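Colleague: Fold the stuff below for me.
(one chain, ligands or ions: 2)
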Amino acid sequence: MLTRRALRVAGSEVVGPYTLLRVERGKLDPGIPGQFFMLEVPGRLLPRPMSLCLATSSELGFLIDPIGPGTRALCSLAAGETLRILGPLGNGFRLDVERPLLVGGGIGIAPLPYLSERLANPPAVLGFRTAWHAEAAALVPNAEVVLEPTYVTEVLPPGHDVLACGPAPMLEAVRRLTPNAQLAWEAPMACGYGACYGCAVEIDGELKRLCVEGPVLAAA
Ligand SMILES: Cc1cc2nc3c(=O)[nH]c(=O)nc-3n(C[C@H](O)[C@H](O)[C@H](O)COP(=O)(O)OP(=O)(O)OC[C@H]3O[C@@H](n4cnc5c(N)ncnc54)[C@H](O)[C@@H]3O)c2cc1C
Ligand code: FES
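Modeller: Numbers count the residues shown, from 1 in each chain. Ligands and ions are numbered 1, 2, ... in the order given. Predicted coordinates for the structure are as follows:
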């Protein structure tokens with residue numbers, strides 16, 4: 001049964017160009033890394049999908065890139081305000097991997113701190129546009145950071161089980177190099193639980209709902 005929970009905002013911190021929004025956890029299940037939550041935006045009809053970035057016993061954290069009206073409104077929530085959240089939703093990363101390597105690009109690093117914690121801090125390779133964006137790498141232990149014009153795919157060590165999240169061109173490049181990778185994709189989402197078909201993408205030649213089949217998919 002899908003339940004929306006009203007959680008109190010505990011605070012927020014600026015991390016480079018991003019905002020780490022912290023909410024009191026209450027009874028919310030943090031789910032599996034790579035699953036996502038729909039965050040209701042004050043004054044907006046549609047919620048916005050966000051990956052869980054951090055989970056402690058008392059708080060959940062979402063790393064948000066303020067690229068539009070919804071994300072900007074979420075970034076400006078103040079401590080004590082209430083946020084309605086639905087989730088965890090979709091399919092997260094499989095955690096039964098032997099030699100994990102986390103790969104992230106830009107705001108795609110959002111699910112990696114929680115994933116890193118669940119996998120006992122494996123190595124990570126993170127790519128960013130600028131040193132300012134790369135301030136977010138501090139959230140991921142054991143990370144090697146590359147800045148453009150170097151891309152993560154230029155420094156991937158061989159022989160790992162890759163778990164990746166980032167922009168579509170990065171994921172395509174990772175997929176070509178590591179066909180056994182697990183990749184977390186994005187598509188605009190209106191409901192988050194299979195009802196609207198707003199997130200339909202072509203998978204194996206068929207249109208499928210990314211919020212139900214994904215967002216994490218096997219590269220193969
Ligand atoms: C499963 C999932 C997890 C996500 N996790 C995070 C996260 O942890 N942190 C974070 O900052 N963002 C995350 N996003 C993206 C985030 O949901 C969008 O950036 C947000 O909904 C944009 O809302 P807006 O009102 O600010 O901007 P809008 O005005 O809705 O969009 C601004 C621009 O971005 C484009 N856009 C919006 N959403 C997407 C999308 N999903 N994919 C590609 N282009 C898009 C629009 O077409 C438009 O050009 C995630 C998306 C998905 C599907
Ligand atoms: S977001 Fe509505 S079906 Fe996927």
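Colleague: ok, then the element right after the longest strand seen in the chain?
Modeller: Ordering each strand of the chain by length in residues (DSSP state E) puts strand 4-15 first. Next helix or strand after strand 4-15 toward the C-terminus (DSSP states H and E): strand 18-24.
Colleague: who's in contact with that following strand?
Modeller: 7-14, 53-54, 58-66, 74-75, 77, 83, 85, 107, 133, 136, 139 (Cβ atoms under 8 Å, 6 or more residues apart in numbering). (Glycine included, C-beta is placed from N, CA and C.)
Colleague: try it again with 6 Å
Modeller: Here strand 18-24 makes contact (Cβ atoms under 6 Å, 6 or more residues apart in numbering) with 7-13, 59-65, 75, 83, 136.
Colleague: hang on, residue 108 is in a helix, isn't it?
Modeller: Yes. Residue 108 forms part of a helix when assessed by DSSP: H, G, I helix; E, B strand; the rest coil.
Colleague: Test my guess that it contacts residue 165.
Modeller: Yes. The pair residue 108 / residue 165 is scored as a contact, 4.1 Å apart, by Cβ atoms under 6 Å.
Colleague: Contacts only, for the residue lying closest to residue 123 once chain neighbours are set aside.
Modeller: Computed as Cβ to Cβ, 6 or more residues apart in numbering, the closest residue to residue 123 that is not its neighbour in sequence is residue 142, at 5.1 Å. Applying Cβ under 6 Å, 6+ apart to residue 142 gives the contacts 121, 123-124.
Colleague: can we see that at 8 Å?
Modeller: Neighbours of residue 142 in contact, by Cβ under 8 Å, 6+ apart: 116, 121-124.
Colleague: likewise residue 110?
Modeller: For residue 110, the contact set (Cβ under 8 Å, 6+ apart) comprises 50-51, 53, 62-64, 165.
Colleague: State the number of residues packed around residue 97.
Modeller: 16 (other Cβ atoms under 10 Å).
Colleague: Which residue or residues pair with the closest residue to residue 74 other than its chain neighbours through a beta bridge?
Modeller: Leaving aside its chain neighbours, residue 74 sits nearest to residue 64 (5.4 Å; criterion: Cβ to Cβ, 6+ apart). Beta bridges link residue 64 to residue 19, judged by DSSP bridges.
Colleague: who's in contact with the helix or strand where residue 201 lies?
Modeller: Here residue 201 sits within strand 200-203, counting by DSSP H and E. Strand 200-203 has contacts (Cβ under 8 Å, 6+ apart) with 185, 187, 207-210, 213-214, 217.
Colleague: What residues sit buried inside stretch 54-66?
Modeller: By neighbour count on 16 or more other Cβ atoms under 10 Å, the buried set for stretch 54-66 is 54-55, 60-66.
Colleague: got any ranges where the protein has weak pLDDT?
Modeller: Applying pLDDT under 70 to the chain picks out residues 1.
Colleague: Report the buried residues of the top helix by length along it.
Modeller: Counting residues, the longest helix in the chain under DSSP state H turns out to be helix 168-177. Residues of helix 168-177 classed as buried by neighbour count (16+ other Cβ under 10 Å): 170-171, 173-175.
Colleague: Tell me the one of those residues nearest ligand 2?
Modeller: Set against ligand 2, the nearest of these by Cβ to the nearest ligand atom is residue 171 (18.5 Å).
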